[in-house]
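Chemist: The sequence isn't on hand, but the structure is:
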Ligand code: SF4
């Protein structure tokens, strides 16, 4: 059981962030937000994947006017992502979004920034202060440690909001450098009690991004830091949500929503077509997700141990496999029947 950092609880619509709430999974649409049909359709797809909160880009006046309609047609909290435009943030709040994400460093007019904070307070919605490493510079022209600068800048924004009586704040400090991001989160976690939104920004294509995110986001969560997360991929957001859940599941922070297949990497001892068996089982698993652990192991050297620990398992031999169920060896089956036997047995669990 991980010992989570204690934070205040901030509500984003109906979803609690921080406190004792489960870690919420977020994503961001990649449709043009003013294409309401496409945006709502994508959000519904993400809802089906159990995305908890959705963010949309709000680049202009035409887009911000669509937020109210989008909000009406979706079932999860809607967050408006706004850069530079004070008036866009104000209009987004008026449109009824559940949270806005801004980087105060991009909002140069102090009075306008304060107007946003006052309006958010009146409407009872939180603000995420989202600082990205690329957006901050040292005020005095001196080179400062980037991590220190990100943390110092973020805390300064928080203090400004607090001075206006506003504490419904969620904080993120993202860099594309995993280690710097982790250092920044570790540092700010000690200096405030605001919930933290985790992410590695500009993490790249899925194959790179998943590694960076598993290390960065997973590493923070394993230290008890982080209350909500977005895995950022270059590509459709659906994979982001699934990857977010995989990270939580790997850390035991979310119940598995699908079967877990444990399979060995194979080596010269393997005498069955293990990869094909794993792929077939994965492909044909019942569509209704089950919290079942399935072990498919290549040989009798390490195989029986893993197979016995799983709910259902096979340890391969020469063209045959030994079937295990709930720790007991059941029977020997030929390789040609392994997939069908596993699937039949999964149905019974
Ligand atoms: S279970 Fe057997 S086949 Fe698989 S990697 Fe281990 S020793 Fe090799």
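Modeler: Sure, I can see it. Not measured: the values here are computed from a predicted model.
Chemist: Determine the number of other residues adjacent to the residue of the chain found nearest the ligand.
Modeler: Proximity of the chain to the ligand (CB to the nearest ligand atom) peaks at residue 298, 2.8 Å away. Using the backbone N, CA and C atoms, a C-beta is placed for each residue, glycine as well. Neighbours of residue 298 under the rule other CB atoms under 10 Å: 26.
Chemist: residue contacts, it?
Modeler: Applying CB atoms under 8 Å, 6 or more residues apart in numbering to residue 298 gives the contacts 264, 266-267, 269-272, 274, 315-316.
Chemist: Give me the phi and psi for it.
Modeler: The phi and psi values for residue 298, taken as degrees, to the nearest 10, are phi -80, psi -30.
Chemist: so the residue lying closest to residue 330 once chain neighbours are set aside, which of the three states?
Modeler: Closest residue in space to residue 330, ignoring its immediate chain neighbours: residue 323 at 4.5 Å, by CB to CB, 6 or more residues apart in numbering. When classified by DSSP: H, G, I helix; E, B strand; the rest coil, residue 323 comes out as strand.
Chemist: Please apply the same query to residue 234.
Modeler: From three-state DSSP, the assignment for residue 234 is coil.
Chemist: Residue 112 falls within a strand, correct?
Modeler: No - per three-state DSSP, residue 112 lies outside any strand segment and is helix.
Chemist: can you count the residues close to it?
Modeler: Neighbours around residue 112, by other CB under 10 Å: 14.
Chemist: My guess is it contacts residue 86. True?
Modeler: Yes - under the criterion of CB atoms under 8 Å, residue 112 makes contact with residue 86 at 3.7 Å.
Chemist: Between the contacts of residue 298, which sits nearest residue 82?
Modeler: Proximity to residue 82 was ranked across the contacts of residue 298 by CB to CB; first place goes to residue 264, at 48.7 Å.
Chemist: Who are the contact partners of the residue nearest to residue 94 when sequence neighbours are not counted?
Modeler: The spatial neighbour of residue 94 that comes closest, neighbours along the chain excluded (CB to CB, 6+ apart), is residue 119 at 7.7 Å. Contact analysis of residue 119 by CB under 8 Å, 6+ apart lists 90, 93-94.
Chemist: buried subset of these?
Modeler: Neighbour-count burial within those applies to 90, 93; the criterion is 16 or more other CB atoms under 10 Å.
Chemist: Which residue ranges of this structure form helices?
Modeler: Counting by DSSP state H, the chain has helices at residues 36-48, 61-64, 67-73, 86-94, 110-123, 146-163, 178-191, 206-222, 238-250, 274-284, 303-309, 338-348.
Chemist: No further queries at this time; thank you.
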